[in-house]
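J.: Got a predicted structure plus its sequence, pasted below:
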Amino acid sequence: MAQRKAVLGIFFLVSLLGSTMAGASTESQYWGYWDRSNERNREIIDHGSWNSILAHYVVNKEGGANRFRYGALSSADQKALKNYIRTLEDTDPRSYRRDEQQAYWLNLYNALTVKIISDNYPVKTFADIRAKNLSGDPWSSPVVTVSEQPLSLNDIENRILRPIWKDHKVHFGLNCTDMSCPGLLPQAFTGNNVKALLKKSGKDFINSQNGVTLKNGKLTASSLFNQYRSDFARDDKALLKFFAHYADDRLALYILGFQGKIDFVHDRSLNSI
């Protein structure tokens, strides 16, 4: 009887852990349908309305963490956001050059997260959202249709951005909505600025209290770097060098001399204000 209770207890614990981790997937799966571009096309995709929303609602807080004022989004801006997403749905990114595509996918992902949260606000975490128009959790449910393909947030991140670009910096541009992730930037990505903004976002994040901190001999890092370990570094030693690459000079020196174990933390609270 005692053994049976122990087995049931373990089963319950595993089930509970599975349910809490079942949202944002970390597995990269290549979707070849989207791996096409036209580098001769110099046209740009207009992200002006999204840029205006970001400029108005993104707030920088102490410690370098950007937050979004989800609850303050006006009805006019909610309509503008909806129209912006609809415009992106009607755009086939495959006919554009690679940099324009990357900006397109990053902006679409982020705009969708803002819309989902604002439609269900207030919530404490993104995982709490179980909107009636979603068939499952907000990460894996199809939330947009592009080129006749239903897409979820996981599809955009793990089947398009990560496997096609193979660039760890895409994580610095995605609004995972947790405080353990880089915050939304106060401006939209474009084909011309996407490389520079992703690099800046990575530097800002790693030098913030939510990214990497070294205090009293203890090095704490966002769980983002552990969850997507294969995208950043093969082991902790390589990860420390990665942190140092983005860190400010003084922090970089301390990180390179660090000999202990990295403590990964996950703050699931919503990046709202």
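T.: Sure thing, it's come through.

J.: all strands of this structure, in order?
T.: Assigned by DSSP state E, the strands in the chain fall at 58-60, 66-68, 144-146, 149-151, 212-215, 218-222, 263-265.

J.: mind putting the ones you listed in CSV, mean neighbour count, distance to I273 and mean pLDDT included?
T.: The C-beta positions use only the backbone N, C-alpha and C, and glycine is treated the same way. Below are the strands of the chain laid out as CSV (neighbours: other C-beta atoms under 10 Å; distance: least, C-beta to C-beta, whole Å; pLDDT from 0 to 100):
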stretch, mean neighbour count, distance to I273, mean pLDDT
strand 58-60, 15, 5, 93
strand 66-68, 22, 4, 94
strand 144-146, 17, 26, 98
strand 149-151, 15, 29, 98
strand 212-215, 17, 21, 96
strand 218-222, 19, 19, 98
strand 263-265, 13, 21, 97
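
J.: I'd like to know how many residues surround L185.
T.: 23 (other C-beta atoms under 10 Å).

J.: residue contacts, it?
T.: By C-beta atoms under 8 Å, 6 or more residues apart in numbering, L185 lies in contact with 54, 58, 66, 173, 197, 200-201.

J.: again with K200
T.: Applying C-beta under 8 Å, 6+ apart, the residues contacting K200 are L185.

J.: likewise the one 3 residues further on?
T.: With C-beta under 8 Å, 6+ apart as the criterion, the residues that contact K203 are Y246.

J.: same thing with Y33?
T.: By C-beta under 8 Å, 6+ apart, Y33 lies in contact with Q149.

J.: So what's the residue count around N207?
T.: N207 has 18 neighbours, counted by other C-beta under 10 Å.

J.: Per-residue confidence at it, what does it come out as?
T.: pLDDT recorded at N207 is 95.

J.: Just to check, it is in contact with A252?
T.: No. At 9.7 Å, N207 and A252 do not qualify as touching, with contact defined as C-beta atoms under 8 Å.

J.: and R250, how many neighbours?
T.: By the measure other C-beta under 10 Å, the count of residues near R250 is 8.

J.: What's the per-residue pLDDT of it here?
T.: 94.
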